[in-house]
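Asks: Just the structure for this:
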Amino acid sequence: MKDKRVLVIVPFPVGEEHLALRREQRASTDLGPGIAFDYRPVKVGGRNLISPYEWPIGETAVLEAGLAAADEGYDAVCVDTTGDTGVAALRSILDIPVIGAARASFLTAMLLGDRFSIVAMWDRWNDAYRRTIDELGIGHKLASVRDIGATPDNRGLMAGKEDAFPRLAEAARLCVDEDGADVVCLGSTTMHRAHAYLKERLEVPLIDPGPLTYKIAEALLGLGLSHGRRAHGGPTTRVDDTLRAMIVSGADTSITENLPKR
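Replies: Numbers count the residues shown, from 1 in each chain. Alright, predicted model coming up:
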C-alpha cells in the first residue's frame, strides 16, 4: 500500500533552523509506518497572528501554501497553529482532509471531559480562541483561559525558555483547582516543548495541539473520511495565479531566499 503524505503548513516564513523546531512535534507522536509528514512555511506573514489586521494576511499566506496540496500528491493537510489560520479557505478548495489545531484540541477536550481550559503564553492569543469557540458554539464548555504574560516566539518557539515551564504549570494547576477544568489544552503549537513537563504535574488530560492534528490526520485517512462539500462550499471561480502573484510580490526576499524550495 502506498504511504500517505501529510503537508504541515507553518503559518510564518521561517528558515530551516526554525522549521526543525516544528518537526520536533512529529518525534513525540506514535504514528504508523505508512504515513509521512512534510513541513512547509508560508512565504509571507506578520510577526504574530493576533489581530483582525493580521488574520487575513495569514489566511492568504496559508491558502497559497496549500493551494496545490492534492495535486502535489498530499493526502491531508495540517495547519500548525491554534489560530486555525486558513483552514476554512483550504477546505473550500481541497477534498483531502484539512485539520486545524484549535478545533482538534477543543473538540477532543470535550470528548475526554466536560469542561476544558486553555493555558497560554500571553493574552493576545485570546481573540483567536474566542473566534473558534464562538464558531463551534461551545463557550459553555470553556472553564477558563489563563496565561503567564510572556510574549511568545513564533520562530524560536520555547527553545531556551524552560524557565517558563513552572509558571505554565502553576497556571494549568489553577485551571483545574480554581476554574473546574477536567481537561487542559496548550494554547499554541509553539508550546510543544512544555508538554512533557506539564503532563507530569497534572492529573487531568493535557492536549498538545500539534501532534494531535497528526493523529487525527492518520485516523481520517485510515477511515477514508474528509470534510463534506455541503458544509464547506467552494468558489465559483478560481484565481490561483492572482493569489500566487500577490504572495510573491509581498514576500520578504531576505527570508524567502532561505525557505525550502517547492
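
Asks: Now do the same contact list for the residue nearest to D95 when sequence neighbours are not counted.
Replies: Using CB to CB, 6 or more residues apart in numbering and skipping residues adjacent in sequence, the residue nearest D95 is S226, 6.1 Å away. All C-beta spots, glycine's among them, are computed from the backbone N, C-alpha and C. By CB atoms under 8 Å, 6 or more residues apart in numbering, the contact list for S226 reads 95-97, 220.

Asks: what's the closest of the residues you listed to R230?
Replies: D95 (12.9 Å; CB to CB).

Asks: Which pLDDT value goes with the closest one?
Replies: Per-residue pLDDT puts D95 at 97.

Asks: what does L157 give?
Replies: 55.

Asks: and if you look at the one 3 residues further on?
Replies: According to the prediction, G160 has pLDDT 55.

Asks: circling back to that earlier point, I'd like the contacts of S226 as TSV, with secondary structure and neighbour count appended.
Replies: Output for the contacts of S226, formatted as TSV (DSSP: H, G, I helix; E, B strand; the rest coil; neighbours: other CB atoms under 10 Å):
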residue	secondary structure	neighbour count
D95	coil	13
I96	coil	21
P97	coil	21
L220	helix	18
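
Asks: and P11, how many residues sit next to it?
Replies: 25 (other CB atoms under 10 Å).

Asks: quick one: it and P205, what's the gap?
Replies: For P11, the distance to P205 equals 26 Å [CB to CB, to the nearest Å].

Asks: can I have stretch 130-138 written out in CSV, keeping just the CAs?
Replies: Extracted C-alpha coordinates of stretch 130-138, given in CSV (Å, rounded to 0.1, in the frame of the first residue of the first chain):
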residue,chain,number,x,y,z
ARG,A,130,-12.7,33.2,21.2
ARG,A,131,-13.3,33.2,17.5
THR,A,132,-13.0,29.5,17.2
ILE,A,133,-15.1,28.7,20.3
ASP,A,134,-17.8,31.1,19.1
GLU,A,135,-17.9,29.4,15.7
LEU,A,136,-18.2,26.0,17.4
GLY,A,137,-20.8,27.2,19.9
ILE,A,138,-19.0,25.6,22.8
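
Asks: Now that stretch: buried residues?
Replies: The neighbour-count check on stretch 130-138 (16 or more other CB atoms under 10 Å) flags 132-133, 138 as buried.

Asks: can you check stretch 214-227 too?
Replies: 214, 216-218, 220-221, 226-227.

Asks: Just the C-alphas of it, formatted as CSV.
Replies: This file holds the C-alpha atoms of stretch 214-227, laid out as CSV (Å, rounded to 0.1, in the frame of the first residue of the first chain):
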residue,chain,number,x,y,z
TYR,A,214,-1.2,14.4,13.1
LYS,A,215,-3.1,11.6,14.8
ILE,A,216,-6.4,12.9,13.5
ALA,A,217,-5.0,13.1,10.0
GLU,A,218,-3.8,9.5,10.4
ALA,A,219,-7.3,8.4,11.7
LEU,A,220,-9.2,10.2,9.0
LEU,A,221,-7.1,8.8,6.2
GLY,A,222,-7.4,5.3,7.7
LEU,A,223,-11.2,5.7,7.8
GLY,A,224,-11.4,7.3,4.4
LEU,A,225,-13.1,10.4,5.8
SER,A,226,-12.8,14.1,4.9
HIS,A,227,-14.8,17.2,5.3
